[in-house]
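> Predicted coordinates and the sequence they were generated for:
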Amino acid sequence: MSQGVAVKIGVPPVNRLFSVHYIGNVIPFTADFPARKDRRTMYGVHIVLFWLSFAAYGAEAGLQLGGISPKSPYRSALFGGLLIHGLFLAVRWMLSGHAPMAGLFESLTVFSFCSAFSAFLLCGTKETMTAWKILSVLVVLPQAGAALIDKRLTPLYPALDTPWFATHVGLSFLGYGLFAAGLALSWSYLRNGGDELYRAAGRSALYGFSAFSAGMVCGGIWAFYAWGSYWIWTPKEIWSVVLWVYFAALTHLKFLPVGGGWPGWGKRLEMKATAAGYFVMLATFLGVSLLLRSSHSF
Amino acid sequence: MMRAVWRFLTSLTTYAWVGLGFCLAGAVGSALLGQYPEIFSDMDAEVLAGWFARKGFLAPGPTAWLYGLLLATALLAGNAACCTFERLVQIFRGEVTLRRLLPHVMHLAFLGVVLSHLVSSVYGDKIPGLAVPEGGFVPVGQTGWVLALSRLDVEMAPEGYPREFSAEVALYREMTPVAKGMVRTNEPLFHEGYGVYLKNFGPTPWGARYAVFDANRDPGAVPILVSSVLFTMANLFYLVTSGRKDA
């Protein structure tokens, strides 16, 4: 981000209002290439880190699709990619001055990071690692999407200058990542069966729901202090509650007896519902932001 | 009959169907928000009850999803309340453990959120778009206050976006200052249940500066915060006590 000296002035230099009502309303803007040489170097390094993590994720997905699995989760290209990706995010945070979770590029790459992280939270045993074949693809796809779009730093808008921003978005994306693991685990269960896969998929829904709930609480607190209301009627907010209710129902239905009141209910239908939750999450994360007009971006 | 109603209200199947209905109503509504801006664009400008009284009956077709959403929310709340009542009676007759209680603490917290939101939706107040020129003042809705803007500081980045902005404001009642302070993004001024939020700024046609404020009263906000934190804590304890085996 440019380090030029900001000037204190009374009237904005352009003759229009700067709406700060919601982040999404702020004029889309990316900061120029960093002016100082040391920051330019850091900027270049962090872009290299991004591509390296992308390559590592791509290698893992390629190996998995080719039928080659690592012996241990920590001796895998995915783990290497996760470490490099973490470093990339840390450097970007330092350069931009805010958590790297604003705008489409940062949202996609954080989503990819959280999906990779969920592999180590939920898919660390021999049986659950069968889900890596799907999960590695779910990790590399958003990173590939991020690779295609503008990577310039976004400035530190005043509304982002609060810890609630990082906690709200971070916890929400952690939930999204766990839902990605849920799709991979439930898919593996549907193909291979196995009690361990079933339990891990159940944990993905429960942990993802918990992280997402906590993210919603943080978002409500942030919105109350920044914009005067913990709730606004936008497609993003509505879909967030839809996603919350969906996974709340899913975690409850685990206790429904097989065939008891819900047509065809059983482990397989529960796993299909867990897998479908990923697409409800995608509709909330990307569908709403890209297809519907919402002042709440990503 | 009463037994059938109770079974319906405490049933997980009811919860599942109503949850599905909630999701469908929300999905439809999210699409209709943009389709009917003439109906929905001012939805956040006043509390829901006031808006719904004006628009809900005028345009029942495009707002049908909202009826569905409200009905589903009421049923979900009723389901959680009845389920918790029934289970707590069973739990306290048998072995009481934290693990068995925690889901019902979460249910009660959820009910706290829904009821507090209902209170805010009826008894809250929203006064949007209070445009005040620097050195000037405006009345704040029906509160009897006057909002005065003494100074507006705007720090612009060279790239042209506002890096920091703040407004020095005071609230007066009958010529007497009752509250004063600096308002920034993420830092409103609170007074007697109202929050004064800096939302916008710009130049007047004659070059002077002005700022735009919202003043909101949200009586459910604190109970919602307490309920949400309770929900999160109970959820966290539930995860800790469930361990890795039986989640």
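Yep, it's here.

> going forward, measure contacts and count neighbours with C-alpha atoms only.
Will do.

> For the helix or strand that contains B:Asn200, buried residues please.
Assigned by DSSP states H and E, B:Asn200 falls within strand B:194-203. Buried residues in strand B:194-203, counting neighbours by 16 or more other C-alpha atoms under 10 Å in any protein chain shown, are found at B:194-203.

> contacts with chain A among these, please.
B:195-197, B:199-203 (C-alpha under 8 Å from any C-alpha of the partner chain).

> State the number of residues packed around B:Arg2.
For residue B:2 the amino acid is Met, not Arg. 7 (other C-alpha atoms under 10 Å in any protein chain shown).

> Tell me how far it lies from chain A.
The gap separating B:Met2 from chain A is 20 Å, by C-alpha to the nearest C-alpha, to the nearest Å.

> can you confirm B:Glu46 is in a helix?
No: read with DSSP: H, G, I helix; E, B strand; the rest coil, B:Glu46 is coil and lies in no helix.

> show me what contacts it?
B:125-127 (C-alpha atoms under 8 Å, 6 or more residues apart in numbering or on different chains).

> Over to B:Thr241?
Counted by C-alpha under 8 Å, 6+ apart, B:Thr241 has contacts B:Arg99.

> The host helix or strand of it: which residues count as buried?
Assigned by DSSP H and E, B:Thr241 falls within helix B:221-242. Using 16+ other C-alpha under 10 Å as the test for burial, helix B:221-242 gives B:221, B:223-225, B:227-236, B:238-239.

> roughly how far is it from the heart of the chain?
On the basis of C-alpha atoms, centre = their mean, to the nearest Å, helix B:221-242 sits 17 Å off its chain's mean C-alpha point.

> again, but for stretch B:13-22
The answer for stretch B:13-22 is 23 Å, by C-alpha atoms, centre = their mean.

> Let me know the outermost residue of chain B.
Relative to the C-alpha centroid of chain B, counting by C-alpha atoms, centre = their mean, B:Gly94 is the outermost residue, at 38.3 Å.

> Okay, that residue and chain A: tell me how far apart.
On the measure of C-alpha to the nearest C-alpha, B:Gly94 and chain A end up 20 Å apart.

> What degree of burial does whichever residue of chain A sits closest to chain B show, as a neighbour count?
Closest to chain B within chain A is A:Ala226: 3.9 Å, counting by C-alpha to the nearest C-alpha. Using other C-alpha under 10 Å, A:Ala226 has 25 neighbouring residues.

> Equivalent analysis for B:Arg54, please.
Residues lying near B:Arg54 (other C-alpha under 10 Å) number 12.

> Kindly provide the distance from it to chain A.
16 Å.

> returning to that earlier point: dump the helix holding B:Thr241 to PDB, keeping only the CA atoms.
Listed next in PDB are the C-alpha coordinates belonging to helix B:221-242 (Å, rounded to 0.1, in the frame of the first residue of the first chain):
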ATOM      1  CA  ALA B 221     -29.400  -5.300  21.500                       C
ATOM      2  CA  VAL B 222     -27.900  -6.000  24.900                       C
ATOM      3  CA  PRO B 223     -30.200  -9.000  25.600                       C
ATOM      4  CA  ILE B 224     -29.200 -10.300  22.200                       C
ATOM      5  CA  LEU B 225     -25.600  -9.900  22.900                       C
ATOM      6  CA  VAL B 226     -25.900 -11.700  26.300                       C
ATOM      7  CA  SER B 227     -28.000 -14.500  24.700                       C
ATOM      8  CA  SER B 228     -25.500 -14.800  21.800                       C
ATOM      9  CA  VAL B 229     -22.500 -15.000  24.100                       C
ATOM     10  CA  LEU B 230     -24.400 -17.600  26.200                       C
ATOM     11  CA  PHE B 231     -25.100 -19.600  23.100                       C
ATOM     12  CA  THR B 232     -21.500 -19.500  22.000                       C
ATOM     13  CA  MET B 233     -20.200 -20.500  25.400                       C
ATOM     14  CA  ALA B 234     -22.600 -23.400  25.700                       C
ATOM     15  CA  ASN B 235     -21.700 -24.400  22.200                       C
ATOM     16  CA  LEU B 236     -18.000 -24.300  23.000                       C
ATOM     17  CA  PHE B 237     -18.500 -26.300  26.300                       C
ATOM     18  CA  TYR B 238     -20.600 -28.800  24.300                       C
ATOM     19  CA  LEU B 239     -17.800 -29.300  21.900                       C
ATOM     20  CA  VAL B 240     -15.300 -29.700  24.700                       C
ATOM     21  CA  THR B 241     -17.400 -32.200  26.600                       C
ATOM     22  CA  SER B 242     -18.400 -34.200  23.500                       C
END
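
> All good on my end, thank you.
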